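[1] generate coordinates for the sequence data below:
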Amino acid sequence: MSVPHEALFRHSPNAYMVLDRQMRYLEVNTAYELLTGRRRDELLGRGLFEIFPGTANDDGSAQADVLRASIERAFTTGERDTLALIPYAIEARTADGPVVDQRYWSATHTPLRNAQGEVVAVMQHTTDVTEVQRLREELQRARAATGLTADQLAEGVRSRAAVVQQDNIRLSASQRFLTELFAQAPGFMAVLRGPAHVFELANAAYLQLVDRQAVVGRPVRDVLPELAGQGFFELLDAVYRSGEPHVGRGVPVRLRAREAPREIFVDFVYQPLRGPGGEVEGLFVQGADVTGREAALAALRESEARFRTIANLLPHMLWSTRPDGHHDWYNQRWYDFTGVPEGSTDGDAWSGMFHPDDQPRAWARWRHSLATGEPYEVEYRLRDRAGEYRWVLGRALPVRDEDGRITRWMGSCTVIHEIKEVQARLEHSEQALRDAGRQKDLFLAALAHELRNPLAPIGTSARLILLAPERVDSVRHAAGIIDRQATHMRHLVEDLLDVSRVTRGLATLQKRPMQLREALDMAVEQTAASMAARGHRLDVVDEAPGLVLQGDPVRVAQILSNLLNNAAKYTPEGGQVTVAVHAEHGTGMALARVADTGIGMEPSLLARVFDLFVQAEATPERFQGGLGIGLALARSLAQQHGGSLVASSPGPGQGSVFELRLPLAG
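    As a prediction, this is how the structure comes out:
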């Protein structure tokens, strides 16, 4: 059953009152109201000596000075102070008006401490001993004036002794009340006596904390031997010797429990207890188990350490402000970038790190965010440790509590200097690129138009000449030339149109399962004449017959045909061209390698060989021209198939190798 401590205090038969340091009433109980004749609402908040100023003693000293000195000693020393007997007049209210009544009191002043161990109030336990004092004085006067015997005097004081007995009964009840409060207090408490620190009292909370029962009458070293080596015995000895109290905060204690050893954390006070002569007779131990609090603090410290570690690992500069925008934290990256001492940019000092031209804009955005709670984002130039201004992107978001109030701002600065420089270069070159693109498209369109126009008359002339039988040989020879040139021009036009469609994304592939060898055979057939005209030897090495691709057969054949035509054009007469086909292990790709013994390529040409309109320098060995579009078209088509086309060459005069990779089906 829980004890209603407030009710016990309120209805205790003993008079109690509590004062603050200004000697103002903080609390009184009912017995105190009855004793003084003043209601609680008349006392609380008012000064003790304002209501009960007292009178002068026989020697002329003020009664209030004695009482005030005792209370101040309790505040100053933090120790209980007792006035065994003090005369003090109070004003009593009667039917005939207020009457000043000289009374005698026995008062004990006990300091009250807060959670930090600081004395914040003093509680007075007062007993009216006026009747006892007057009885003593009457006995003395009677003995001196009447000469009565002791028995006669005793008979006269029996009635007054009965009154004193009633006071003793009330005092005993008060002691029981305080003992019960001690036993049931939620914090652990114990009283130790003598230099051996023998347990005189220990409340239930203390016994539960140490997991012991029979402790009274035993020294603390016998009851808690596991405390040896933890400093507590030495601390008890020091407090007992010096008489100075000790306050501990969050101190770890290792205890030997019945189930298993455990470590807890406690806040505690070792308070010396003094005898009548002021000597230390024992120690009062009081405290609380704060293991939960310390665990929460440890978790908070660990969380903060993790946050700081992560914050310092990030490549961004991070910062934080109070709700009013006062900067109070930066991560290490900020100091590494700016080179300023830690703390030197707290508050508003960060503004000096901005480029002067950017400060008004940045400040305006920041003030707007502080006023509205909207996210903060702005680009500005920040001075680095070398004194140079570099572009950064500043961002910040508010942190809100459960009620939506902003409790903090978290922000970052990300270096975007290189991006800003690239943007500037892109802006300058964008128009040039657009112009170049238009020129290329105009060139292709005009070239296609100019090449296609002669095709119809050339074809017609060829057919008419073939119809003239009288000049058979010359007509047939001319017709053959016209036909070959027309075919060549048609191929150029078709290549140009293909390039235009592919680069504009208009070309569509008719993909289906197909055999790579079939496309290769078609390309070999299409380039056979060119190979034969130059006297080249063409070898086809199929290391994986039957390879199946998911592709457009016509376009794959076109890729291979362009590679073979390129090899034929750039290989001197009587050269060797080799095509090797196999499946690449682990890549899911088919590889067709076209190698020649031709003129090779320098590194500068190799880097741009697949660009449009790029060709090797004309040489006497090259008997055919071109527009430099075949390889560009071949690579674009390879990429559209999900493959690739790369070129390599040991150098001029050492031939070239082109490797075509296309994904296998399934």
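
[2] so what pLDDT did G505 get?
    The model reports G505 with a pLDDT of 66.

[3] need the helix or strand of this protein with the lowest average pLDDT.
    When the helices and strands of the chain are scored by mean pLDDT, DSSP states H and E, helix 150-184 comes last with a mean of 54.

[4] hmm, who's touching the helix or strand just after that helix?
    Next helix or strand after helix 150-184 toward the C-terminus (DSSP states H and E): strand 188-193. Contact with strand 188-193 is made by 182, 198-203, 205-206, 208-209, 215, 220, 236, 266, 273, 281-289, as judged by C-beta atoms under 8 Å, 6 or more residues apart in numbering. C-beta: built from backbone N, CA, C; applies to glycine.

[5] mind checking which of these land in strands?
    198-202, 266, 273, 281-289 (DSSP state E).

[6] just the buried ones from those residues?
    198-202, 266, 273, 282-289 (16 or more other C-beta atoms under 10 Å).

[7] just flag the most distant two among the ones in strands among the contacts of strand 188-193.
    Pairwise distances across these peak at 27.5 Å for E281 and D289 (criterion: C-beta to C-beta).

[8] what helices or strands is the strand ranked longest in the chain leaning on?
    When the chain is parsed with DSSP E, its longest strand is strand 97-113. Helices and strands touching strand 97-113, by 3 or more C-beta pairs under 8 Å, 6 or more residues apart in numbering; DSSP states H and E, are helix 63-77, strand 81-94, strand 119-128, helix 130-145.

[9] so for it, mean pLDDT?
    For strand 97-113, the mean confidence score works out to 82.

[10] run the angle between it and helix 63-77 for me.
    10 degrees (axes from the mean of the first three to the mean of the last three C-alpha atoms, to 10 degrees).

[11] partner strands of strand 97-113, with direction?
    Based on DSSP bridges, the pairing partners of strand 97-113 within the sheet are strand 81-94 (antiparallel), strand 119-128 (antiparallel).

[12] so how many other residues sit close to the closest residue to H326 other than its chain neighbours?
    Closest residue to H326 apart from its sequence neighbours, by C-beta to C-beta, 6 or more residues apart in numbering: G347 at 5.6 Å. Counted with other C-beta atoms under 10 Å, residues neighbouring G347 total 14.

[13] would you mind naming the residues that bridge with G347?
    Applying DSSP bridges, one finds that G347 bridges with H327.

[14] contacting residues for it?
    G347 sits in contact with H326, H327, D328, where contact means C-beta under 8 Å, 6+ apart.

[15] I'd like the distance from the longest strand of the chain to the chain centre, please.
    59 Å (C-alpha atoms, centre = their mean, to the nearest Å).

[16] ok, now stretch 225-240?
    41 Å.

[17] quick one: end-to-end distance for that stretch.
    Start and end residues of stretch 225-240 are separated by 19 Å (C-alpha to C-alpha, to the nearest Å).

[18] pull out the buried positions in it.
    Under 16+ other C-beta under 10 Å, the buried positions of stretch 225-240 are L227, F232, F233, L235, L236, V239, Y240.

[19] next one: stretch 368-382
    S369, L370, Y376, V378, Y380, R381, L382.

[20] ok, now stretch 255-271?
    Under 16+ other C-beta under 10 Å, the buried positions of stretch 255-271 are L255, I264, F265, V266, D267, F268, V269, Y270, Q271.

[21] go ahead and confirm the fourth one touches Q286.
    No: assessed by C-beta atoms under 8 Å, V266 is found out of contact with Q286, at 10.5 Å.
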